[in-house]
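>>> Predicted structure and sequence below. I'll ask about it afterward.
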Amino acid sequence: MSEEHAHYWTHPALPAVDLLDARYVRHTFGRHTHDSYVIAAITSGVEAFHYRGTIERVGAGSLGLVDPDTLHTGQAGVPDGWTYQVLYPSTASVRTVADELGAPLGTPGFRKAVVDDDRLTRLVAQVHLAAAQNQVLAASTLLRELLAHTLRRHTAARVPDSPPAAAARQAARLARDLLAADLTDPPTLEELAEAVGARPFPLLRAFRTVYGLPPHAWLTQRRVSTARLLLDAGTPPAEAAVRVGFVDQAHLGRHFRRIMGVPPGAYRRANAPAARDALAARADL
């Protein structure tokens with residue numbers, strides 16, 4: 001079997017988590033980050049991904065774990081590709097469960113990027129199945145169990161690595177805010193540095209350290225995430241592309257699929273207001 005498929009979706013019972021069920025063979029994820037955690041259970045094949053300076057490989061029966069705001073990629077580790085079920089729980093939802101468990105202060109971080117944990121693998125599958133069958137109570141309960149199990153078994157408080165000086169962090173934040181304020185007409189690096197009172201290379205280095213990406217790649221990711229919000233609201237992909245600064249729908253499509261794993265049209269069909277309303281109505285029955 002070599003055909004690819006991907007379904008990226010949300011469910012009203014799980015407001016703080018996205019779900020992805022996919023098979024990839026030729027598709028590759030470019031360098032990107034998530035503002036959520038990534039818990040990916042591989043069901044067949046092998047996924048390889050560059051993470052924290054090394055190439056990780058995760059095969060069937062194992063899980064890939066990625067921290068928020070941490071640069072990584074994703075590609076087939078064998079010719080037949082890989083299939084997986086993924087959960088993207090928000091940092092707030094994970095922190096809430098960590099507080100309930102009495103975990104140490106600080107942002108929880110995964111100790112290893114690849115783990116073997118049969119129970120966690122089953123919980124990922126059970127959350128997906130419960131959400132797909134619209135079993136609201138089961139989905140929310142299983143997700144809470146999954147997060148608690150993950151925190152107990154696979155995380156520790158994260159300590160930032162050699163953060164840049166306060167002035168450099170402030171310049172990076174200002175640069176990010178300027179880029180976010182106008183996605184359609186970004187400045188050059190030199191113009192951006194001048195606007196925040198920094199020199200180009202130190203700004204580039206600080207920006208990459210603070211946000212995990214250089215400014216141009218961060219801008220592309222912000223454009224995709226903003227386009228996603230527009231698609232959630234029912235905006236057609238072609239209109240969303242122009243509104244966030246892409247040349248056209250094809251330009252959006254390339255970057256959207258590289259980061260999200262599905263084309264924008266498929267994402268919109270699964271997450272448009274009508275689809276969400278239908279799920280919510282079924283959940284109320």
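Happy to help now that I have it.
>>> Might you report the residue contacts of residue 140?
Residue 140 makes contacts with 13-14, as judged by Cβ atoms under 8 Å, 6 or more residues apart in numbering. Any C-beta I mention is one placed from the backbone N, CA and C, and that applies to glycine too.
>>> helix, strand or coil for the most centrally placed residue in the chain?
Taking Cα atoms, centre = their mean as the criterion, residue 34 is the residue nearest the geometric centre of the chain, at 3.3 Å. Under DSSP: H, G, I helix; E, B strand; the rest coil, the three-state class of residue 34 is coil.
>>> List the buried residues in the top strand by length along the chain.
The longest strand of the chain (DSSP state E) is strand 38-51. For strand 38-51, the neighbour count (16 or more other Cβ atoms under 10 Å) marks 38-43, 45-49, 51 as buried.
>>> Would you mind pulling up the elements that that strand packs against?
Applying 3 or more Cβ pairs under 8 Å, 6 or more residues apart in numbering; DSSP states H and E, we find strand 38-51 packed against strand 54-59, strand 63-66, strand 72-76, strand 82-89, helix 118-132.
>>> Just checking: what are the partner strands of that strand?
Its sheet considered, strand 38-51 pairs with strand 54-59 (antiparallel), strand 63-66 (antiparallel), strand 72-76 (antiparallel), strand 82-89 (antiparallel) by DSSP bridges.
>>> thinking again about what came up before, dump the helices and strands packed on strand 38-51 into TSV; add distance to residue 237 as well.
Formatted as TSV, the helices and strands packed on strand 38-51 follow (distance: least, Cβ to Cβ, whole Å):
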stretch	distance to residue 237
strand 54-59	31
strand 63-66	27
strand 72-76	23
strand 82-89	21
helix 118-132	25
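>>> any idea which of the ones you listed is most buried?
Counting by mean count of other Cβ atoms under 10 Å, strand 63-66 has the highest mean neighbour count of these, with a mean of 24.
>>> Map the structural domains onto the sequence of this protein.
Taking automatic domain parsing as the reference, the chain has its domains at 5-157, 166-271.
>>> got these as a markdown table, with mean pLDDT columns?
Compiled in a markdown table, those are given as follows (pLDDT from 0 to 100):
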| stretch | mean pLDDT |
| --- | --- |
| domain 5-157 | 93 |
| domain 166-271 | 90 |
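>>> Contacts only, for residue 76.
Taking Cβ under 8 Å, 6+ apart, we find residue 76 in contact with 24-26, 28, 45-48, 82.
>>> out of these, who's nearest residue 114?
The shortest gap between residue 114 and any of the contacts of residue 76 belongs to residue 47, at 9.6 Å (Cβ to Cβ).
>>> Residues in a beta bridge with that closest one, which ones?
residue 58, residue 76.
>>> right, and it touches residue 80 too?
No: here residue 47 lies out of contact with residue 80, judged by Cβ atoms under 8 Å, at a distance of 11.6 Å.
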